[in-house]
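Participant: Whatever this is, show me its structure:
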Amino acid sequence: MTAYYRIHFQAALARREDYETIIARLRASFTKEGILKSRAIEARLMNDSWSLLDYDLFPKLSSLRIPTLIISGDHEFIPVATAEHIT
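Facilitator: Numbering: from 1, shown residues only. Here you go, the predicted structure:
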């Protein structure tokens, strides 16, 4: 997840140390409350990333050097064609 967040949220965070601080906080608070807070942070970063006019995640996906599984379900907000394109 750390590698995924590093690639995905890099555009939303101006300074690398901000990213590292957020990841450290997410790891340190793995409780029910911590998970809810982490999800709120993730939602904010997702919104900040995807609202950028020139944001494009596809070129960055090719830099992943970890095994990656693409899963799409019946109730996804990402269209099946997009999941197939990512794959």
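Participant: where does the protein have low pLDDT?
Facilitator: Flagging of the chain using pLDDT under 70 yields the residue ranges 1-2, 11, 29.
Participant: Got phi/psi on the residue of it most remote from its centre?
Facilitator: If you look at how far each residue of the chain sits from its centre, by Cα atoms, centre = their mean, the farthest one is Asp74, at 20.8 Å. Its backbone dihedrals place Asp74 at phi -70, psi -20, with angles given as degrees, to the nearest 10.
Participant: got the contact list for it?
Facilitator: Taking Cβ atoms under 8 Å, 6 or more residues apart in numbering as the contact definition, Asp74 lies against nothing. In this view, the C-beta of every residue, glycine as well, is placed from N, C-alpha and C.
Participant: any idea how far Val80 is from it?
Facilitator: Using Cβ to Cβ, to the nearest Å, one gets 10 Å for the distance from Asp74 to Val80.
Participant: okay, now Ile22: neighbour count?
Facilitator: The criterion is other Cβ atoms under 10 Å. On that basis, Ile22 has 17 neighbouring residues.
Participant: Hmm, it is touching Ile41, no?
Facilitator: Yes. Under the criterion of Cβ atoms under 8 Å, Ile22 is in contact with Ile41, at a separation of 6.4 Å.
Participant: Name the helix or strand for Ala3, please.
Facilitator: Using DSSP states H and E, Ala3 sits in helix 2-9.
Participant: What is that helix packed up against?
Facilitator: With contacts defined as 3 or more Cβ pairs under 8 Å, 6 or more residues apart in numbering; DSSP states H and E, helix 2-9 has these neighbours: helix 16-28, helix 32-50, helix 58-61.
Participant: could you dump those helices to CSV with distance to Ile86?
Facilitator: Compiled in CSV, the helices and strands packed on helix 2-9 are given as follows (distance: least, Cβ to Cβ, whole Å):
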stretch, distance to Ile86
helix 16-28, 22
helix 32-50, 15
helix 58-61, 6
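Participant: His8: which of those helices is closest?
Facilitator: Taking Cβ to Cβ, helix 32-50 is the member of the helices and strands packed on helix 2-9 nearest to His8, at 6.5 Å.
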